[in-house]
Structure formats: structure tokens, C-alpha cells
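S.K.: A predicted structure for the sequence below; I have some questions about it.
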Amino acid sequence: MSSILESIDFYFILESLIKIAIVFVIGLLSPVGMNWVERRTLALIQNRLGPNRVGPFGLLQSIADGIKFVFKEDIIPLAANRWLYTLAPIVMVIPAFMVTIVYPFGPEIDLPFIGPTKMYVTNFNVGLLYVLAMTSLGVYGIILAGWGSNSKYSLLGGLRSSAQVISYELSLSLALVGAMLQSGSLDLVKIVENQSGWGGMQWHIFMFQPLGFIIYLISAIAETNRVPFDLPEAETELVGGFHTEYSSSLKFAMLFMAEYVNMLTVAVLATVVFLGGWNGPFVKDFPVLGLLYFFIKISFFMFLYIWLRGTLPRFRYDQLMNFGWKVLLPLALINIVISAVIGLIVY
Amino acid sequence: MVPLSWYLALSAVLFTIGVVGVVIQRNIIVLFMCIELMLNAVNLTLVSFSRYLGDVTGQLFVFIVMAVAAAEAAVGLAIIISLFRNRETLNVDEADLLKL
Amino acid sequence: MEQIAIDIPRLLFLAFAGIAVVAAFNLILQRNPIYSALSLIVTLCVMAALFLLLNAPFIAVIQIVVYAGAIMVLFVFVIMLLNIREEESKIDRQKYLKWLAAPMFLALLAQVFAVIRYVDTTPPSIPSANAPGGNPAESLGTVESIANAMFTTYVLPFEATSVLILMAIVGSMLLAKRDSKQDIERIETALDAEQAEQEQAHLAAEKSNKEVAA
């Protein structure tokens, strides 16, 4: 037994555990904050007030909702498949949170008392692929929720959603290939470091990937089932899509949380791959600024989601499929060829 | 460290379970899944030998096996769908006429 | 028998192997295809973990992207599309196969283990730092090393695979496509019947209206 104890690096484990705890709390709390911001901003766009009763400016509204989720009765529909119905939210929420460990929040910062600390839990050689792998596992949650509920609205929503996610995942990953070619790595931290030129402004979106960025943006919005691609949960025709039968209990809260963490993940990926991650002016001298830049970039994406939701109408289903397969996918392939040619000329 | 033989044993067990599944199951979709399981067992052997011999070839083969499995799944599921359309069954015993 | 040393990788291996075997058994014993599919997904994910344990991160991630994220989604999608519920219990025409399965399982297993015992007599354990071939063990499973091999020594198999996938795309489209002419005819006849029905209902309603008016 002593050999086991000797082989463990306790300091490393402690550090990792603390970091995981911090990232997990960020993941848990971000839906709460994002939900409040979304409702207020949407209200502003639509010229109404939004939640404003619970706490100052309605700040505590999301927390009140969360408490309601915990205390409401958990109803499983009689016709539903109990196993799949219970499994679906779990399957959806676990990969969503597993991605959070590779978020590169900032550069190495010299913390007081602790010393230089890396602002991410872990980082590996295939980080980008890991993110894609975990997001692709989220589809199972949607499929199982749609099928297990045993209701026509859920089934239709689940079918639509999984078809949409599968089709847009292609153009999403192909849009990233251009940036991969340029940085020559799949390692998220190396991709960020590759964009640190020009005083921290040599982002991939400026360095020959504007087309890739636009393709990524559109497919990311479709991937997270947001307006204008929110057909899977179109209230006016499908009631609630795949989560119709989930009454507002903890299971619904899990589905909801997974959706928001997925939104956060695609925003982080866009920031890291196209917008230079933590890079920006003066980051080399003051590394703490990196965290701020990262936060601002992600907030911009979150605002974009809400902005689009307040502005655009919904696509029709055939338009959505045609757009994904006949416009975005060829454009993404062209983008790869262009990036390869540019890479040959420039580097 | 984990000895090579442990990996080989696990891979053998999984492969055998796949074979048994092909024999006892009659649902064509499950048969397909058993074949995927067998392919995966072989992949495990290839990767562990690649690590053992310090040669990357094994991992490359796994990559190619996965591509073949993807192609196989696409064609196979298309066949299953057209079979179900024409016969309304997924039982392999009832699809034995060599014509649709 | 010498003492088997237990360390962290071995414990992890045993845990993963246990999950994989249980899930694989569940795959072949379930009657409902969706449960089989779910247990296969568990096996595949555990397999990815084993690849990580073997220091092959690229293969592990590709395993999840391709197998769990694409192939199995396709399976589950087809199960959902065809709406296959519990398998109806029909008379099994090849029932003797089930009795054949257990002995066959044991025989195959015994044979393989006999071979493995032979392997086990050559001691080096898996991640050997100075392996023959000169590859440092750490860089073996990375994207760079696999890409190097793929685009130099093994270009031809790689290209052949891409041709294979192209053929698979064409083939599956051809297979899954319905005969559109037949389809249109079917829909048209259905629509015609519906229209006729509606007209009849309309006529009947008018008739009854007239009667009421009269």
C-alpha cells in the first residue's frame, strides 16, 4: 500500500481539485447570471421592464427560480420510459461540465502567497478535439429526452434537434480547421499563444480567418439551438420541444443548465480560436488584464446571443437544412483550402 | 504499470462477447452493434501493441479502422432502413430471400 | 505466484475493464435495442479512457468523436426513426444457437487466454520508455506523430480510406432514397381520397342544411 501513497503527488492533486472546484462553481453560477442578463436585455430590446421585483433590479430573480426548481414536485409522466427520462438530463449535463476543465481563462499569473499559477485546470495536446468530442456527446441527452418522454412534441423536438446539431457540427468543426492550420496545433493554450503578436492583437480573425469566424458563429448559434435556429424548441409549434414533458423540477434545471454551459463553451471556443483568447494590449506586462479581456470577449458573445434573439425571426426547417448543407458546409471547405494556400505562401 | 497481457485479455473478452452477441441476438441493429464491439476490441489490441512496441503504426491502423467502421455504419444503417421499409421487420431470420 | 504490485494505473485499468465488460454483456442480453445502444456507448467511452491510459490521447478523443459522437448517434437516431420498442417475442427459428453460445464463449476465451499466457512470459510492461524503434514514449500518441506517419509512410491507405468513405456516402444516399415517383403517386392518391372525402362531407353538410332550412 505504501507504494501507492508514494506515487501520488498530493500538491498537484490539491491544486487540481481547487481549480476544478472554482471552474465548477463558475459553471454552476454562470446560468444564473446569464439568465438574469438575458431577461433584462431582452426586456430592454422589447421595451418592457423584465424581472424587477426580487432583490435590487430583480437580481435575485434567477436564484428564486432556482429555489423553485428544487422545491417543486418531480413528476414523471406515466407513459414515459422512467430510465431514459431520468438519464437524459444527466447525460446532457455531465459532458457540458466536463468541457469546463479546459477553458483557458488567462495566462500564467503570479498570485500572492501561492506563486505562479496557470489559469486553467488542465491542457492537453488535443484540447480542441476534446471540446468537440464532449459537445458531440450532448446530443444523446436531447435524443433520450425526446424519445423517453413518449410524447409527440418531445419526439419531434428531439428528432429536429439532433438532426440540426449533427448537421451543423460538421461546419462548426470544419470552420475551426483553418485556425488549426494556422496555429499548427490542437492545443488550446498554444493556439492562444500563437495569437500574441502585434502587441496582443494578432488574432486569427484578423489573420486570414474572417470567413472561418463567420461560419463558426452561425453554426455555433445553430449548435446551441438559439434564435434564429431554435426550431427544436419553437414554442409556437412544438410547445417546448424535447423538454416539453419536463415539469420545472431539478431535471428541467439540469437541462437548462446544460444549455447555458454549452452556450458558454462555444463562446469560449470562439474567443480562444478566433479572438485571441486572453490576448490584448499590455497583457505581457500585466497578466491580470488577460482575465479581464477574456471576460469581456465572452460577454460580447453572450450579448450577441441575446441581441439576435431579440431581433431575428425563426427559420423554416427546410431553409435551416438547406442553409447548413448547401451554403455553410461548402463555404467551410473553401475556407480550409484558402487557409492552406495562405499558409503555404505566408509561413 | 499495466502489463500488456491485461489489455490483451480485456480485448479478448470483449471480442468474444461480441461474437456471442452475433450468435444469440436476432435484431439486425443489435447485430451491427456487436460487430462494432468486436472492431473496438481489435482496436484496443492494436493500440496496446503500438504502445508496447513503441511504433505509431498500430494507432494509425486504429484510425483507418474507425473510418471503415463509419463507412460501414452509414451503408449498413441505410440498408436497415430500406429493409424495414419493405419488410416491416428487423429480425434477420425473416430477411432471408436475397431480394427486396 | 509472485505478488502482483497494485498501483494507480492498474486500479484504473481494473475499474474501466470491469465497466467495459459489464456494459458489453448488457449490450448482448438486452431485448430493447435502445438499451443495447446505450450500453455500447458506455463501452466505447470506457475504451476511450483505456486509450488515454495507454498514452494515446489522439486516438482516445477520435474514438469519442467518431464512435460515440457520430456512429452511435446514427444508430440511436435510426432506432428512434423506426420507432423500435420492445422486441416482439416471436418463435425463434434458430433456438439451438443460444445453447451453442455459452460453450463457444468459454472455448474461445480459453483459447485466447492460452495464447496470452505465452505473451505474458515476455515481461516488459507497457509504457516502456526506451522502446525499440527509437520513439520516445511520450510523443507516441500525439497528433504530430500520427500525422507524420499518416502523410508519409501510409499515404496510400489513407487516400484509399477517403475513397471508401466517398463511396459509402454515395451508396447510403442511393439506398436510403425512396423512389420519388412512387412516393409522389402515393401522396397524390392519398390526397385525392382525402379531397373526395371532404367533398362528400361538404355535400352531406349542405344537404342537411337544406333539410333544416326546409
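M.R.: Yep, that arrived. Numbering: from 1, shown residues only, chains lettered A, B, ... in the order given.
S.K.: measure how buried residue 88 is and give me the count.
M.R.: Looking at chain A here, since you left the chain open. 30 (other CB atoms under 10 Å in any protein chain shown). Bear in mind the C-beta positions are built from the backbone N, C-alpha and C, glycine included.
S.K.: hmm, no, I was thinking of chain B.
M.R.: Around B:Glu88 there are 9 residues (other CB under 10 Å).
S.K.: hmm, whichever strand or helix holds A:Val266 touching chain C?
M.R.: Using DSSP states H and E, A:Val266 falls within helix A:250-273. No - for helix A:250-273, no contact with chain C is found by CB under 8 Å from any CB of the partner chain; the gap never falls below 14.3 Å.
S.K.: who are the packing partners of that helix?
M.R.: Secondary-structure packing of helix A:250-273 (3 or more CB pairs under 8 Å, 6 or more residues apart in numbering or on different chains; DSSP states H and E): helix A:10-45, helix A:61-71, helix A:82-99, helix A:127-148, helix A:152-183, helix A:188-193, helix A:210-223, helix A:288-311.
S.K.: return the most buried member of those helices.
M.R.: Across the helices and strands packed on helix A:250-273, averaging neighbours per residue (mean count of other CB atoms under 10 Å in any protein chain shown) puts helix A:127-148 on top, at a mean of 25.
S.K.: average pLDDT for that one?
M.R.: What helix A:127-148 shows for mean pLDDT is 86.
S.K.: go on, stretch B:58-70?
M.R.: 90.
S.K.: pull the longest helix from chain C.
M.R.: Determined from DSSP state H, the single longest helix within chain C is helix C:180-213.
S.K.: put the alpha carbons of the helix holding A:Val266 into CSV.
M.R.: Extracted in CSV, the C-alpha atoms of helix A:250-273 (Å, rounded to 0.1, in the frame of the first residue of the first chain):
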residue,chain,number,x,y,z
LEU,A,250,-34.5,19.6,-10.9
LYS,A,251,-34.4,17.6,-14.1
PHE,A,252,-35.5,20.6,-16.0
ALA,A,253,-33.0,22.7,-14.2
MET,A,254,-30.3,20.3,-15.3
LEU,A,255,-31.3,20.5,-19.0
PHE,A,256,-31.5,24.3,-18.7
MET,A,257,-28.0,24.5,-17.1
ALA,A,258,-26.5,22.2,-19.7
GLU,A,259,-27.8,24.5,-22.4
TYR,A,260,-26.3,27.6,-20.8
VAL,A,261,-23.0,25.9,-20.2
ASN,A,262,-22.9,24.8,-23.8
MET,A,263,-23.5,28.4,-24.9
LEU,A,264,-20.6,29.3,-22.7
THR,A,265,-18.5,26.6,-24.2
VAL,A,266,-19.0,27.7,-27.8
ALA,A,267,-18.3,31.3,-26.7
VAL,A,268,-15.1,30.3,-25.1
LEU,A,269,-14.1,28.3,-28.2
ALA,A,270,-14.8,31.3,-30.4
THR,A,271,-12.8,33.5,-28.1
VAL,A,272,-9.8,31.1,-27.9
VAL,A,273,-9.6,30.2,-31.6
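S.K.: now the angle from it to helix A:61-71?
M.R.: Put simply, helix A:250-273 runs at 140 degrees to helix A:61-71, going by axes from the mean of the first three to the mean of the last three CA atoms, to 10 degrees.
S.K.: excluding chain neighbours, what is closest to the residue in the stretch 151-300 of chain A that chain B sits nearest to?
M.R.: Per CB to the nearest CB, A:Ile166 is where the stretch 151-300 of chain A lies closest to chain B, at 12.4 Å. Excluding the flanking residues, the one nearest A:Ile166 by CB to CB, 6 or more residues apart in numbering or on different chains is C:Val73, at 6.3 Å.
S.K.: mind listing what A:Gly310 touches?
M.R.: Going by CB atoms under 8 Å, 6 or more residues apart in numbering or on different chains, A:Gly310 touches A:41-42, A:45-46.
S.K.: now the residues you listed as CSV including distance to chain C?
M.R.: Putting the contacts of A:Gly310 into CSV (distance: CB to the nearest CB, whole Å) gives the following:
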residue, distance to chain C
A:Thr41, 33
A:Leu42, 32
A:Ile45, 35
A:Gln46, 36
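S.K.: just flag the most distant two among those.
M.R.: Taking CB to CB, the two most distant members of the contacts of A:Gly310 are A:Thr41 and A:Gln46; they sit 9.7 Å apart.
S.K.: run a quick neighbour tally on the closest residue to C:Tyr67 other than its chain neighbours.
M.R.: Leaving out its chain neighbours, the residue that sits closest to C:Tyr67 by CB to CB, 6+ apart is C:Leu44, at 4.7 Å. Number of residues near C:Leu44 (other CB under 10 Å) recorded here: 22.
S.K.: could you do the one 5 residues further on as well?
M.R.: Per other CB under 10 Å, the neighbour tally for C:Ala49 reads 18.
S.K.: so, low pLDDT: which residues of chain C?
M.R.: Residue ranges of chain C with pLDDT under 70: C:1-6, C:84-95, C:97, C:119-139, C:178-181, C:183-184, C:187, C:212-214.
S.K.: residues from it in reach of chain A?
M.R.: For chain C, the residues in contact with chain A (CB under 8 Å from any CB) are C:5-8, C:34-35, C:38, C:41, C:57-58, C:61-62, C:64-65, C:68-70, C:73, C:76-77, C:80-81, C:142-143.
S.K.: sounds good, over and out.
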